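Engineer: Provided below are the primary sequence and the corresponding predicted coordinates.
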Amino acid sequence: MTQESPLLEVENLEVHFHRGRSFWPGAKSKTVRAVNGVSLTVHPGETVGLVGESGSGKSTFGRAVLRLEAPTAGLVLFEGVDVARGTRGDIATLRRRTAMIFQDPYGSLNPRMTIGDALAEVLRVHRLVPVDRIPDRVGELLTLVGLEPAHATRKPGDMSGGQCQRAGIARALAIEPRLIIADECVAALDVSIQGQIINLLMELRARMGLAMIFIAHDLAIVRHLCDRVAVMYLGRIVEEGPTEAVFTAPRHPYTATLIAAIPDINPDHRLPADPPPGDPPSPMNPPPGCPFHPRCAFAIDDCRGGGPPTPKGDRDHWGACLLPPSVFSPSFQPNDEPPSGDV
Ligand code: SF4
């Protein structure tokens with residue numbers, strides 16, 4: 001991993017929503033802890049995968065980092081500036097240096113605007129090139145993402161899903177960001193187009209030194225693309241580490257179950273294991289103890305009380321589970337333990 005100063009440092013980020021507000025006096029609203037004390041660091045040029053089931057808080061985390069959602073508590077340091085409590089100028093800088101790519105390639109573009117006008121608007125608002133250079137820069141951006149300059153005259157409805165997603169990436173790149181948050185950005189596309197978009201992101205990352213948080217529930221893509229992985233469950237990160245270490249020797253039973261459920265295209269391999277049984281508990285009413293205990297095949301009595309387990313392992317690769325990894329992860333031998341203790 002690079003030793004440069006972090007580009008992004010998130011510390012104990014909390015994002016709460018209040019549900020069920022009522023006009024009646026005395027009626028109580030419930031608090032949804034969508035993001036519940038998440039810390040994450042991203043270095044320049046690094047791609048971090050953020051994985052977990054729907055509702056785990058991944059997208060809310062991404063939106064809060066970019067101040068599209070107001071954090072309830074915690075620090076978000078971008079280039080050393082706390083944008084969670086930043087001035088308007090700090091937020092404006094954040095907007096110029098970060099971008100988001102959304103899941104829905106059609107919904108993220110204005111259907112009444114041509115792609116060229118959408119890109120030109122970004123260039124104009126952020127004053128990135130002289131006005132007379134804008135048409136050329138639009139053509140360059142479209143070429144960069146594998147489209148033709150002639151696509152500038154088309155509207156989203158005239159293009160395929162893959163072409164629209166490329167246009168969305170071009171719009172994200174128009175501001176020359178240092179950090180992109182890609183939120184399930186290939187989930188709505190055909191598999192063959194997914195591959196093209198992933199290859200494009202890898203190429204752009206290498207060429208432009210972009211850092212990326214890649215939010216996804218598809219672990220096979222994350223393994224292909226990311227340097228590090230953080231696994232979210234019920235608003236918390238339960239495991240974090242270098243991608244290969246997490247995939248070959250997971251330190252949390254939830255991660256192990258997600259990995260075991262990855263479909264394998266080799267017909268000689270056994271069928272994937274089932275995903276974790278049942279649904280995640282409601283973030284309005286999380287269980288005591290380890291939040292994963294109602295679905296965990298390895299849960300013991302100690303898992304059902306107290307607070308969430310503290311992270312164990314080392315700073316580079318840790319998991320928040322009470323048990324030693326050899327219990328649920330065949331790559332760990334009992335001799336490898338105890339893991340180096342609380343992180
Ligand atoms: Fe399962 Fe207990 Fe570990 Fe939680 S702490 S993941 S319930 S074994």
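Structural biologist: Yep, that arrived. Not measured: the values here are computed from a predicted model.
Engineer: Surely P242 and C226 touch.
Structural biologist: No: counting by Cβ atoms under 8 Å, P242 sits too far from C226 to count as a contact (9.3 Å). Quick note: C-beta positions are derived from backbone N, CA and C, even for glycine.
Engineer: what about those two, which has more around it?
Structural biologist: Taking other Cβ atoms under 10 Å, P242 and C226 do not tie; C226 has more neighbours (23 against 15).
Engineer: Quick check: phi and psi at the nearest residue to the more buried one once chain neighbours are set aside.
Structural biologist: Nearest residue to C226, sequence neighbours excluded (Cβ to Cβ, 6 or more residues apart in numbering): G49, at 3.6 Å. Dihedral pair for G49: phi -90, psi 140, per degrees, to the nearest 10.
Engineer: Tell me what G49 is bridged to.
Structural biologist: Beta bridges link G49 to F214, V229 when assigned by DSSP bridges.
Engineer: and the gap between it and V231?
Structural biologist: 9 Å (Cβ to Cβ, to the nearest Å).
Engineer: ok now do the nearest residue to V10 once chain neighbours are set aside, which residues does it touch?
Structural biologist: In space, and not counting its chain neighbours, V10 is closest to L40: 4.7 Å by Cβ to Cβ, 6+ apart. The contact partners of L40, taken as Cβ atoms under 8 Å, 6 or more residues apart in numbering, are 8, 10, 48, 50, 61, 213, 230, 237, 240.
Engineer: okay if I get those residues as TSV plus neighbour count?
Structural biologist: Below are these laid out as TSV (neighbours: other Cβ atoms under 10 Å):
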residue	neighbour count
L8	23
V10	23
V48	23
L50	29
F61	28
I213	27
A230	23
I237	25
E240	28
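Engineer: Kindly indicate which of the residues you listed lies nearest R251.
Structural biologist: E240 (9.0 Å; Cβ to Cβ).
Engineer: which secondary structure element contains the closest one?
Structural biologist: strand 236-242 (DSSP states H and E).
Engineer: One more: T255?
Structural biologist: helix 253-260.
Engineer: What mean pLDDT does the next helix-or-strand element following that helix get?
Structural biologist: Sequence-wise, the next helix or strand downstream of helix 253-260 (DSSP H and E) is strand 312-313. For strand 312-313, mean pLDDT is 94.
Engineer: same question, stretch 65-74
Structural biologist: So the average pLDDT for stretch 65-74 ends up being 93.
Engineer: CA atoms only for that stretch - export them in PDB, please.
Structural biologist: Provided in PDB are the C-alpha atoms of stretch 65-74 (Å, rounded to 0.1, in the frame of the first residue of the first chain):
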ATOM      1  CA  VAL A  65     -18.600  11.300   2.600                       C
ATOM      2  CA  LEU A  66     -19.500  13.500  -0.400                       C
ATOM      3  CA  ARG A  67     -21.900  15.600   1.800                       C
ATOM      4  CA  LEU A  68     -24.900  14.600  -0.300                       C
ATOM      5  CA  GLU A  69     -26.200  13.400   3.100                       C
ATOM      6  CA  ALA A  70     -25.600  15.300   6.300                       C
ATOM      7  CA  PRO A  71     -23.500  13.300   8.800                       C
ATOM      8  CA  THR A  72     -24.900  13.100  12.300                       C
ATOM      9  CA  ALA A  73     -21.500  12.800  13.900                       C
ATOM     10  CA  GLY A  74     -17.900  11.900  13.100                       C
END
